[in-house]
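>>> got a predicted structure here, sequence first:
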Amino acid sequence: MKKAKLLITICIVLLTFCVSAFATGDVHDGTTVPSRTGNGTFSCRTIAPLTIEVIPENVNSGLIFVINASGDVTYNLPGGYNAPHANFKVEGELGEYFATSLNMTVNGDGTASNELDHVKLNIHWYYSADGMNYFDFTATGSRKIINEGDTEGDNIGEYTIRAIYTSVTVEPDATPGSRNFQQTLTVWYTDGSM
Amino acid sequence: MKKFAVIFAVIFLAFAINANADIYEPADPPSGTGSFSCTVWTALTVTPDDADVGLGTFVIDATPYTTFDDDDIAFTIAGEAGENFYFRIYEDEDGAGDGTIATIVVDWTDAVPSALLGDGTQEGPRTLDSGGDYVITATVSSLTAIDSGPETFDQEIEVGYTSF
């Protein structure tokens, strides 16, 4: 009787050791898949680059101005946004804002000036956000691309900036010959907070 | 004679009772104790410090961008302090658009001074610190903008106490 009880006790103790060893030999986390996951996301937005198409490239290059030996002479040209002009058609992502800068250079070497060899050129700038109505333009602040232009649905819009030269002044010391006044429009995206 | 017989019978009975008394169980019967034991650990969790990191808006260009509004996600793995765990990183560098909108390069780092392998390779074990935490960070090092549109790049870390 005592032996039987002793055997039962030994069995229980051994079973306890056995169960204990099993319990510490593995890790159970209560799921069928012994792992957990965490997710994070990077997000971004990509937009079309800004481009500028100049139409036409040369404006009224055939105009002729005569030197007056007795003093400066100013030729006033037809004004208004519909006068002969060059359009700078800016294309970019619809709904985005962009900033601008204007620069007139001469000599072909990038000298910033509106006067070359005793000939002075004055330019007036207009803009049109919708492609129909034009307003005076100054290169400050942000502009928003809202006009879908000719190709609807591609998320590319256009914004027109127009250059019209309003007058040319020729000094007596000017030498005959052609002049080239280069207009440079630079654009870049902004967040619209300028 | 009969009296002697009765006396002997009583004596034998007394012996018998005494004999039986010798093998009586004690008042508290003997017992054996067995027990089950276990160890309970804190469940592993993985928590990103930001579920959606906005990298910014990028103009389409063949040259990769390397500057971003924000560029990293720190995944904190929490569990039983001092215990080891294993993990797998599932990175997405082509985005939902399968590389048609934008692609990124993601670098994975942790406390070990070497770049993690990333993308489905099991790594570890690593050891949770005294606070029960371990941080693995995903950092975007470059982005190439291919076409217009929004894009998302899902990053995932899977962890387990045992190899899986």
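Structure received.

>>> residue of chain A closest to chain B, please.
Nearest residue of chain A to chain B, counting by Cβ to the nearest Cβ: A:G38, 2.6 Å away. The C-beta positions use only the backbone N, C-alpha and C, and glycine is treated the same way.

>>> nearest residue to that residue in space, please, no chain neighbours.
Excluding its sequence neighbours, the residue lying closest to A:G38 (Cβ to Cβ, 6 or more residues apart in numbering or on different chains) is B:V46, at 2.6 Å.

>>> what are the ranges of the strands in the chain?
As the question left the chain open, I've gone with chain A. Along chain A, counting by DSSP state E, strands occupy A:36-47, A:51-55, A:73-76, A:86-93, A:97-106, A:111-112, A:115-116, A:119-128, A:135-136, A:142-144, A:156-170, A:181-190.

>>> chain B was what I was after
For chain B, strands defined by DSSP E occupy the ranges B:45-48, B:52-59, B:61-65, B:72-78, B:84-90, B:102-109, B:122-127, B:133-145, B:149-160.

>>> which strands or helices does the shortest one pack on?
Taking 3 or more Cβ pairs under 8 Å, 6 or more residues apart in numbering or on different chains; DSSP states H and E as contact, the helices and strands that strand B:45-48 lies on are strand A:36-47, strand B:72-78, strand B:149-160.

>>> quick one: the first one to chain centroid distance?
Averaging C-alpha positions (Cα atoms, centre = their mean, to the nearest Å) puts strand A:36-47 24 Å from its chain's average.

>>> so who does B:A96 touch?
Counting by Cβ atoms under 8 Å, 6 or more residues apart in numbering or on different chains, B:A96 touches B:151-154.

>>> got the phi and psi for it?
phi -60, psi -30 (degrees, to the nearest 10).

>>> please tell me how far it sits from B:Y90.
Note on B:A96: its distance to B:Y90, by Cβ to Cβ, to the nearest Å, is 14 Å.

>>> can you pull the contacts of residue 99?
By default, I'm working from chain A. Counting by Cβ under 8 Å, 6+ apart, A:A99 has contacts A:141-143, A:187-190, A:194.

>>> oops, I was thinking of chain B
B:G99 is in contact with B:I146, counting by Cβ under 8 Å, 6+ apart.

>>> what's the average pLDDT for stretch A:154-169?
Here stretch A:154-169 scores 90 as its mean pLDDT.

>>> how about stretch B:143-150?
What stretch B:143-150 shows for mean pLDDT is 95.

>>> please apply the same query to stretch B:51-66.
95.

>>> so what touches it?
A:39-50, A:189, B:68-73, B:102, B:104-105, B:140-148, B:152.

>>> what about 6 Å?
Contacting residues not belonging to stretch B:51-66 are listed as A:40-49, B:68-70, B:73, B:142-145 [Cβ atoms under 6 Å, 6 or more residues apart in numbering or on different chains].

>>> that's all I had, so thanks and see you.
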